[in-house]
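In: I'll drop the sequence and a predicted model, then ask my questions.
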Number of protein chains: 2
Amino acid sequence: MTDCIVIGSGVAGISAALTLKANGKSFLIFGSPNLSEKIEKAEMIRNYPGLSNVTGKDFLTALKAQLSDEEIEIKSEKVGGVYAMKDKFVVLTQDQTSYESRTVILACGVESVKQIDGEETFLGRGVSYCATCDGFLYKGKTIVVFCTSKRLEHEIDYLADIAAKVYLIPMYKDVAIRRDNVEIIRKMPQKIDGAKRVEKITFATPPSQNIPKEIPVDGVFMLRECVSPAILVGGLEMKDGHVVVDRDMSTNLSGCFAAGDCTGRPYQYAKAVGEGNVAAHAVTKFV
Amino acid sequence: MTDCIVIGSGVAGISAALTLKANGKSFLIFGSPNLSEKIEKAEMIRNYPGLSNVTGKDFLTALKAQLSDEEIEIKSEKVGGVYAMKDKFVVLTQDQTSYESRTVILACGVESVKQIDGEETFLGRGVSYCATCDGFLYKGKTIVVFCTSKRLEHEIDYLADIAAKVYLIPMYKDVAIRRDNVEIIRKMPQKIDGAKRVEKITFATPPSQNIPKEIPVDGVFMLRECVSPAILVGGLEMKDGHVVVDRDMSTNLSGCFAAGDCTGRPYQYAKAVGEGNVAAHAVTKFV
């Protein structure tokens, strides 16, 4: 069991990890091997103290070097769920490994993709965020897959191996998936609909000549780089889409802290770095 | 009138200034030309994201270059008081200039020097923090001067020109003051004492052979690099020596924000940088 599990490899997560390391705490950090697409795409950062007019790429290079100097390795497994036990947390990854930790720091960013109407309503009743966790439920069935990043295409492949038919709604360019049972739709639906369970997705107008306004589906997969903290951690208090935190970055769940964009605006590197630091100190005090 | 006055040139103040600049707000920043002695003296900073194992000196050099790139100039006048008016703040400096601003960000750090018993009791009744403001009151009198930094020695000189006798209690090495009416005491008193006004300072044991346990004085000057925010700003809510702030770094005074060490632990660069950023965004929203 580690002292802490940090979820997210943006600057908030990195800041937390560096401080946990400096404080001699044991920890794991889950994220992307490339750390953060958001940083990489930043054209120019003007207000981060110590790095004058730095490009996102250069900032990312500096962060990677620093993690390597400190021998901090990012675990690239995707976290599927965080479960608060009596005196510890169990973190399950989407490849079905579990990790135990005394505390958790959520630094998973904010989902810039808007939720779809019906998504939360049908969560667990046909809506899933995890291909490897729930894919097997849809053997021979029809599903729709929303995907925000090329990096997640292997999950689409995984689902296409199981399902009879996949409607893919990609939110990125250069889709590389070419399979007979995968049909690409370049339009966002209005709604996920059904009675007890997901039954269909509906569009305001037909998405294309061959596709009707309503498509009957058995399941909906949301493949996203970052999952809402509320979906990741049951019982977490949220407000206006952000994790509610105190000044020491503690959440309503004892031992669960949050830092960075997921706690609210301003969505800024400096703010995220500061909160990651504070959360790591709070963890150090807690354990 | 500016949008904001930032008080303090540590990383919290610098972070606030960079973000105000990026947000196109008008502002002044008061501090030390050398920015921060604390940063300069830092041997090695291990947990500041983006700068791997940086020395305090190198960090300071990077910050100075960045301020210069952004054409941000530090005003080195010492702030003597901040007064909340109906819809603005008046900031008075110790050389008797006044500045007006819609908002204020306090980023004045924490005083690492312990307060002396009686200091707060006799504030304004014989205890002063400002040589140039109150020196003239002690013409031909006997005073004691506590001084935390060699940088402030010109203020001791100023006082020695006015007072008949100065007992100097320096909290630094290599005192350069050599004057007939200045007597150096290398021991901290137990107490500042008196009835209505300051009358004497007392020691637990005599500080030296020629100096008794009690020294009658007319006034006490506390020359410090940073003055407690509570003394700087009347009516500011404090708790355990720190400014009480909300998540957006607002204090109990509308338009007055605080950031960095003065808001509490952890005393860390990353935390200060984050809070300066958040305070600047809160100012941007406020004005």
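Out: Here it is on my side, so go on.

In: can we go C-alpha only for contacts and neighbour counts from here?
Out: OK.

In: ok, the closest residue to chain B within the stretch 101-250 of chain A - how many residues close by?
Out: As assessed by Cα to the nearest Cα, chain B sits closest to A:R247 within the stretch 101-250 of chain A, at 6.3 Å. Applying other Cα atoms under 10 Å in any protein chain shown, we find 16 residues neighbouring A:R247.

In: likewise A:T61?
Out: Neighbours of A:T61 (other Cα under 10 Å): 15.

In: secondary structure class for it?
Out: Here A:T61 is recorded as helix under DSSP: H, G, I helix; E, B strand; the rest coil.

In: and the residue of chain A most remote from its centre, what's its pLDDT?
Out: Farthest-out residue of chain A from its mean C-alpha position, per Cα atoms, centre = their mean: A:Q209, at 33.8 Å. A:Q209 carries a pLDDT value of 84.

In: name the SS class of A:R151, please.
Out: Relying on three-state DSSP, one would call A:R151 helix.

In: sorry, back to before: how near is the residue farthest from the centre of chain A to A:A176?
Out: 23 Å (Cα to Cα, to the nearest Å).

In: quick one, what contacts A:I177?
Out: A:E153, A:D157 (Cα atoms under 8 Å, 6 or more residues apart in numbering or on different chains).

In: meant to ask about A:A259
Out: A:A259 makes contact with A:A12, A:G13, A:I105, A:L106, A:A107, A:M249, A:A272, A:E275, A:G276, A:A279 under the criterion Cα under 8 Å, 6+ apart.

In: ditto for A:T284
Out: Counting by Cα under 8 Å, 6+ apart, A:T284 has contacts A:L20, A:N23, A:K25.

In: A:N210: how many residues sit nearby?
Out: Neighbours of A:N210 (other Cα under 10 Å): 6.

In: so how far is A:I177 from it?
Out: 20 Å.

In: low-scoring stretches of the stretch 101-250 of chain A, by residue?
Out: A:112-113 (pLDDT under 70).

In: just the buried ones among the contacts of A:T284, please.
Out: A:L20, A:K25 (16 or more other Cα atoms under 10 Å in any protein chain shown).

In: list the contacts for A:G276?
Out: Contacts of A:G276 by Cα under 8 Å, 6+ apart are A:V11, A:A12, A:G13, A:I14, A:S15, A:A16, A:A17, A:A107, A:A258, A:A259, A:G260.

In: that older thread, helices - which of the contacts of A:A259 land there?
Out: By the criterion of DSSP state H, membership of the contacts of A:A259 in helices covers A:A12, A:G13, A:A272, A:E275, A:G276, A:A279.

In: for the stretch 101-250 of chain A, what spans make up the strands?
Out: Secondary structure of the stretch 101-250 of chain A (DSSP state E, counting those that start in this stretch): strands located at A:127-128, A:142-147, A:165-170, A:182-184, A:191-194, A:198-202, A:214-216, A:219-223, A:238-239, A:242-243.

In: can I get those in CSV with distance to A:I156 and mean neighbour count?
Out: Shown next, in CSV, are the strands of the stretch 101-250 of chain A (distance: least, Cα to Cα, whole Å; neighbours: other Cα atoms under 10 Å in any protein chain shown):
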stretch, distance to A:I156, mean neighbour count
strand A:127-128, 13, 22
strand A:142-147, 7, 23
strand A:165-170, 8, 21
strand A:182-184, 9, 18
strand A:191-194, 19, 20
strand A:198-202, 18, 20
strand A:214-216, 19, 18
strand A:219-223, 8, 24
strand A:238-239, 30, 13
strand A:242-243, 28, 22
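
In: spatially speaking, which residue is in the middle of chain A?
Out: A:C226 (1.7 Å).

In: isn't it up against A:Y129?
Out: No: using Cα atoms under 8 Å, A:C226 is not in contact with A:Y129; the gap is 9.9 Å.
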